[in-house]
Structure formats: structure tokens, C-alpha cells
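K.L.:
next input, structure requested:
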Amino acid sequence: MNFKKLCLALLATITLSFNHGALAQNPVVVLETTLGDVTLELFPEQAPITVKNFLAYVDSGFYVGTIFHRAIPRFMVQGGGFNDKMQAKATLDPIVNEAKNRLHNERGTIAMARTSNPDSASSQFFINLKMNMSLDWSPRNPGYTVFGKVIDGMDVVDAMVLEPTGRVDMHDDVPLEPIVILKAARQTGK
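P.N.:
The predicted structure is shown next:
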């Protein structure tokens, strides 16, 4: 092996080790759904309050039995607040918006859903299907807090918007066949 190939191989090994180490330090959560698994890497350094909040819901079992109640092609899928009868679950207190962390609402990122009040996010989250820059923080827009990304199962997220949707009570874009979160749990060592 020549010197250049040896250096490239060594660099690839170091990069792989560094990336694996960075991933191992961040919490990873697996959402098992009726369409398949979605694995999320969370970013506690950039969104500490939001990640702590999300993990509190995960660890308590809150998300089990909730659905993805909104699926809009070329935009996002939203879940984490309603059961399969479209009944809202009681939540913890709302949290402070951390959208100033400058993480972007890019394809595959997970962010907190909220009302028009920037500090109203509780349990509901959404996964971006495309770059949604209009959801990012700016001086004129409080934005939506990105706190992680899909690292496996984006095909499952993409499949959610292929399901037929309709209006249920006051809600539009509801998958007519419920997409249920069967389990949400932290992934521990491999």
C-alpha cells in the first residue's frame, strides 16, 4: 500500500471513530410504529430543555398509543399528542422555545410543535420532509425548535404521507388508518 492510500485509510478510520463517538454521546430514541421503526438522534447540547422534555415523555411511556395525526406531503408529519380516537392526552407544562439554537428545519430533523405562542410546546413533535426554512428562528419569527434528526427509518416517515388522509373533527390531514406509536424507548448500547 502506498503512503497516500495508507493516509486515506487512517483518516477514514479516525473519522469513523470520531463520528461513532459523537453519536454515542447523544441520546438515541427508537419510535416503533405500525409502519416501521424510526430512530432519532437527539441534540441535548443545542436544545437541552427540549431534549429533557422529550425524554421525559419517552421514559414515562407517554408516547405509547399516540398517533401521527397530521401528514402533509412535501412538508412534515406530526405526532405525539393524540390517541387513535383523536383524543388529546394530558401533557406536562409547556416549555421555553429554543429555536434560537440555529439548528435548521431540514429534511429528517425533528422539531417541537406549538401553538402561536412560541413557548407553548409540550408533547407534540414533527419530522420535516423537506427543508422548511420558514420554520427556522429569525429576528421576526420565533421559529420551531429542532432538537434531533432521523438517523434510520426516514423511509418509514416518507411512507406516512402516502397514507390516505382526511378531516377528523377539527383536524385536517389526518391519516385515515391510524399510524400508531407502539413503543418509544431510548436505545441502549449496541
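
K.L.:
residues of stretch 152-159 that come out buried?
P.N.:
153-154, 156-159 (16 or more other Cβ atoms under 10 Å). (Each C-beta comes from the backbone N, C-alpha and C, glycine too.)

K.L.:
now stretch 145-163 - C-alpha only, PDB.
P.N.:
Taking C-alpha atoms only, stretch 145-163 is exported to PDB below (Å, rounded to 0.1, in the frame of the first residue of the first chain):
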ATOM      1  CA  THR A 145     -37.200  24.200  18.000                       C
ATOM      2  CA  VAL A 146     -35.200  21.500  16.100                       C
ATOM      3  CA  PHE A 147     -33.800  19.000  18.700                       C
ATOM      4  CA  GLY A 148     -32.700  16.000  16.800                       C
ATOM      5  CA  LYS A 149     -32.700  14.100  13.500                       C
ATOM      6  CA  VAL A 150     -33.800  10.800  12.000                       C
ATOM      7  CA  ILE A 151     -30.700   8.600  11.700                       C
ATOM      8  CA  ASP A 152     -32.600   5.500  10.500                       C
ATOM      9  CA  GLY A 153     -36.200   4.900   9.200                       C
ATOM     10  CA  MET A 154     -36.700   8.000   7.000                       C
ATOM     11  CA  ASP A 155     -38.300   5.600   4.500                       C
ATOM     12  CA  VAL A 156     -41.000   5.000   7.200                       C
ATOM     13  CA  VAL A 157     -41.500   8.700   7.700                       C
ATOM     14  CA  ASP A 158     -41.900   9.100   3.900                       C
ATOM     15  CA  ALA A 159     -44.400   6.300   3.800                       C
ATOM     16  CA  MET A 160     -46.600   8.100   6.300                       C
ATOM     17  CA  VAL A 161     -47.600  10.800   3.800                       C
ATOM     18  CA  LEU A 162     -48.600   8.100   1.300                       C
ATOM     19  CA  GLU A 163     -51.500   7.000   3.500                       C
END
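
K.L.:
related to what we said a few turns ago, in helices, which of the buried residues of stretch 152-159 fall?
P.N.:
154, 156-159 (DSSP state H).

K.L.:
if we can go back for a sec, I'd like the buried residues of stretch 152-159 laid out as CSV, including pLDDT.
P.N.:
Formatted as CSV, the buried residues of stretch 152-159 follow (pLDDT from 0 to 100):
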residue, pLDDT
Gly153, 98
Met154, 98
Val156, 98
Val157, 98
Asp158, 98
Ala159, 98
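
K.L.:
Leu182: which of the ones in helices among the buried residues of stretch 152-159 is nearest?
P.N.:
Val156 (12.3 Å; Cβ to Cβ).
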